[in-house]
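S.K.: Got a sequence here, can you model it:
(one chain, ligands or ions: 1)
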Amino acid sequence: MSCRGVFIHFFGLFKRLHTSVPSVRALSVSQSVMQNVPGFLWKLGQLNHVAIAVPDLEKARSFYQDVLGARVSKTVLLPEHGVYTVFVELGNTKLELLHPLGKNSPVTGFLQKNKVGGMHHICIEVDDIKAAMAHLKEKKIRILSEEPKIGAHGKLVIFLHPKDCNGVLVELEEA
Ligand SMILES: C[C@@H](C(=O)O)C(=O)SCCNC(=O)CCNC(=O)[C@H](O)C(C)(C)COP(=O)(O)OP(=O)(O)OC[C@H]1O[C@@H](n2cnc3c(N)ncnc32)[C@H](O)[C@@H]1OP(=O)(O)O
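M.R.: The predicted structure follows:
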C-alpha cells in the first residue's frame, strides 16, 4: 500500500471508530431510562426478561450453562404462579426458563401445544403499574388478573392477553 493509501485506510478506520462510540453510548442511555411520552401518566422501561417454557428444566439449564457458558440461577419454585423458574443472566437482560408446577399451571397448556418448548412471554418494566392498568383498561387491552401479583423478582406484575398484544403474552413489572 502507498503512503497515501495507508493514510486513507487509517483515516477511514478513525472515522468509523469516532462515529461508532457515541452511537453505542446513545443507545445504551436510551435503553436504561423510562420513556417519557407526553400525555402518559406512566412510563415504559427496559426489557426485564424473555421467558421460555421448557419441557425439561435440567436439560434447558444445561444448554445455557454448559453449552453456551451462561451464568444460571438456582431453581426457584413459585407455587402462586404455578411455575419452576431458572434465570439465565445475559448482561443487558435475562432469560427466564419456565416449567409447570402443580396441576393448574398456566404453562401446561402452552407445552401441550409446543412440545419442545418455546417463547412464552416477554416482561417489560414500567414505573407505575396501577397507572398502566388504568390506561390499558381504557384501551380495551385484557389484563389477566384483577390485581397485580408479586412476580419472580418480588415486584408487582400483570400479564396482558396475547391476543391483544400481537400474539405475544406480555408481562409488565413495576421497576
Ligand atoms: C413468575 C412470573 C414472572 O415472570 O414474574 C411468571 O413468569 S409466571 C408465568 C406463568 N403465568 C402466566 O402465564 C399468567 C398469564 N397467563 C394466562 O393467564 C394464560 O396462560 C393465558 C395466556 C390466558 C392462556 O390461557 P389458556 O392456556 O387457558 O388459554 P388457551 O390455551 O385457550 O389460549 C388462548 C389462546 O392464546 C394462545 N396462547 C396461550 N398462551 C400463549 C402464550 N404464552 N403466548 C402466545 N399465545 C398464547 C393460545 O395458543 C390460544 O390461541 P388460539 O385460540 O389461536 O389457539
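S.K.: got the contact list for the residue of the chain found nearest the ligand?
M.R.: With Cβ to the nearest ligand atom, the shortest gap between the chain and the ligand falls at residue 151, namely 2.8 Å. All C-beta spots, glycine's among them, are computed from the backbone N, C-alpha and C. Residues near residue 151 by Cβ atoms under 8 Å, 6 or more residues apart in numbering: 81, 123, 157, 171, 173.
S.K.: repeat that with 10 Å
M.R.: With contacts defined as Cβ atoms under 10 Å, 6 or more residues apart in numbering, the neighbours of residue 151 are 48-49, 78, 80-81, 85, 96, 123, 157-159, 171-174.
S.K.: Show me which residues of the protein sit near the ligand.
M.R.: Contact residues, the chain versus the ligand (Cβ under 6 Å from any ligand atom): 51, 78, 81, 83, 85, 96, 98, 106-107, 109-110, 113, 120-121, 123, 144, 151-152, 157, 159, 161-163, 167-169, 171.
S.K.: Narrow the contacts of residue 151 to those in strands?
M.R.: Secondary structure from DSSP state E places 48-49, 78, 85, 96, 123, 157-159, 171-174 of the contacts of residue 151 in strands.
S.K.: What score does residue 157 have for pLDDT?
M.R.: In this prediction, residue 157 carries a pLDDT score of 98.
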